[in-house]
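In: Build the 3D model from these lines:
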Amino acid sequence: MEEKTKAPFLKPALIYGAILGFVGIVLSLIFYFLNLTFKGWTNWLSLAIGIVVLVYCLVAYRNEYLGGFASYGKLFLMALVIGFIASILGAAFNYLLHAVIDPDLVEKSRIMAEERIMNNPRIPESMYDDMMERVERNLGLTRMTLTALISGTIFYAIVGLIAAAFIKKEEPSVDVG
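Out: Next up is the predicted model:
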């Protein structure tokens, strides 16, 4: 019987997490420099590209480190760690963007949110003040950074749950008889 060797986990998780994180950062920078930061479609495009990159990373992990076979659990755990690492990088970049690169971006975000609230006919005027208070609370730099970290990790965990089901490939069992 052949002895199975333990596949590396931390190194590929760091590599693939860095890839996913830097892809997100590059996209954010492109959107920022093209003045597309507040366009709704950029969020959807970023999510779609993030899903594609995560799936690519999981397939690469399965093929490069696990010999082409991987269980659902291994792939999900890898997706979770990749997502967490990418979220740490994204949250750090988000903090730097709003604190160092463009400190006025928080105010621009507040103004944009206010305009969206005021121009939404489904929101009654009696709710404007309450909603603006919530926007103000959520646009704090610490809150935005924590939200980016938590929501990014949750998003990639959900994507990992789904992707691992399609990417898993069990080793064929060999009957010794």
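
In: Flag the shaky bits of the protein, pLDDT-wise.
Out: Low-confidence segments of the chain (pLDDT under 70): 1-5, 174-177.

In: residue boundaries of the strands in it?
Out: Ranges of strands in the chain, per DSSP state E: none exist.

In: ok, the spatially most central residue of it - contacts?
Out: With distances taken as Cα atoms, centre = their mean, the residue of the chain nearest its centroid is G152 (3.9 Å). Shown in contact with G152 (Cβ atoms under 8 Å, 6 or more residues apart in numbering): 83, 86-87, 90-91. In short, each C-beta sits where N, CA and C put it, glycine included.

In: how close does it get to V159?
Out: Applying Cβ to Cβ, to the nearest Å, the value for G152 to V159 is 11 Å.

In: which neighbours do the two share?
Out: Residues touching both G152 and V159 (Cβ under 8 Å, 6+ apart): G83.

In: Spit out the contact partners of the closest residue to Y65 other than its chain neighbours.
Out: Closest residue to Y65 apart from its sequence neighbours, by Cβ to Cβ, 6 or more residues apart in numbering: A7 at 4.9 Å. Residues in contact with A7, defined by Cβ under 8 Å, 6+ apart, are 65-67, 74.

In: For PyMOL, what selects the buried ones among those?
Out: With 16 or more other Cβ atoms under 10 Å as the burial test, the buried ones among the contacts of A7 are selected in PyMOL as follows:
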select buried, resi 66+74
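
In: ok, back up a step: phi, psi of the residue nearest to Y65?
Out: phi -80, psi 140 (degrees, to the nearest 10).

In: if I look at it, how far off is Y56?
Out: 18 Å.

In: can you check Y156 too?
Out: Distance of Y156 to Y56, given as Cβ to Cβ: 13 Å.

In: more crowded one of the two?
Out: Y156 (25 against 14; other Cβ atoms under 10 Å).

In: Need the contacts of A7 in JSON lines (columns: distance to L97).
Out: Shown next, in JSON lines, are the contacts of A7 (distance: Cβ to Cβ, whole Å):
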{"residue": "Y65", "distance to L97": "33"}
{"residue": "L66", "distance to L97": "36"}
{"residue": "G67", "distance to L97": "40"}
{"residue": "K74", "distance to L97": "34"}
